[in-house]
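Chemist: Build the 3D model from these lines:
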Amino acid sequence: MKNKELYTYLLRLGDNALILGHRLSELCSRAPFIEEDLAITNMALDMIGRAQALLNYAAQVEEAGHTEDELAYRRAENHYYNHLITEMPNGDFAHTIARQLFVSAFELYQYTELEKSRDVVIAGIAAKAVKEIR
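Modeler: Below is the predicted model:
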């Protein structure tokens, strides 16, 4: 592998989006009001789509013939690099929204900076992510 640091960083970004996207998808049809239900479901879909793009790029960088699905679902649990906050159980709806606020605030700054990346693929993914996060 030519660029292990880029590969690991893409896994970190992709794992955050993947894990939190799945956590949010658990709330489909369980939010207190239909508007919140639709909003959270759309956020989950956006995050899973972002994970797919990032893990697809990681698979290309890895050059080992893996797919984004293999990177997403066929690694041992100790090979995931997500932030622990993304794994927190949903629990109370207010706590779930607070978690999402913290993650989104952090990611808005992170992906705004990544839009400036010299790597055109990362910059493109980041530009789309910033629109979704806002």
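Chemist: Leaving out sequence neighbours, find the closest residue to the residue nearest the centre of the chain.
Modeler: For the chain, Ala17 is the residue whose C-alpha lies nearest the centre (Cα atoms, centre = their mean; 1.1 Å). Using Cβ to Cβ, 6 or more residues apart in numbering and skipping the chain neighbours, the partner closest in space to Ala17 is Ala51 (3.9 Å). Heads up, the C-betas are built off the backbone N, CA and C, glycines and all.
Chemist: neighbours around the one you found, how many?
Modeler: The number of residues packed near Ala51 is 24, by other Cβ atoms under 10 Å.
Chemist: Which pLDDT value does the model give it?
Modeler: At Ala51, the model reports a pLDDT of 98.
Chemist: One more: Thr86?
Modeler: At Thr86, pLDDT is 97.
Chemist: Roughly how far does it sit from Ile34?
Modeler: Separation of Thr86 from Ile34 (Cβ to Cβ, to the nearest Å) stands at 25 Å.
Chemist: all helices of this protein, in order?
Modeler: Counting by DSSP state H, the chain has helices at residues 4-25, 34-62, 68-73, 93-114, 120-133.
Chemist: Pick the most buried one from these.
Modeler: helix 4-25 (a mean of 20; mean count of other Cβ atoms under 10 Å).
Chemist: For that one, enumerate the helices and strands it packs against.
Modeler: Judged by 3 or more Cβ pairs under 8 Å, 6 or more residues apart in numbering; DSSP states H and E, the packing partners of helix 4-25 are helix 34-62, helix 68-73, helix 93-114.
Chemist: distance of the residue nearest to Ala17 from Arg12?
Modeler: Applying Cβ to Cβ to Ala51 and Arg12 gives a distance of 11 Å.
Chemist: Distance of the spatially closest residue to Pro89 that is not a sequence neighbour relative to Asn82?
Modeler: Take Pro89 and drop its neighbours on the chain: the residue closest to it by Cβ to Cβ, 6+ apart is Arg23, 7.7 Å away. Between Arg23 and Asn82 the distance is 10 Å, computed by Cβ to Cβ.
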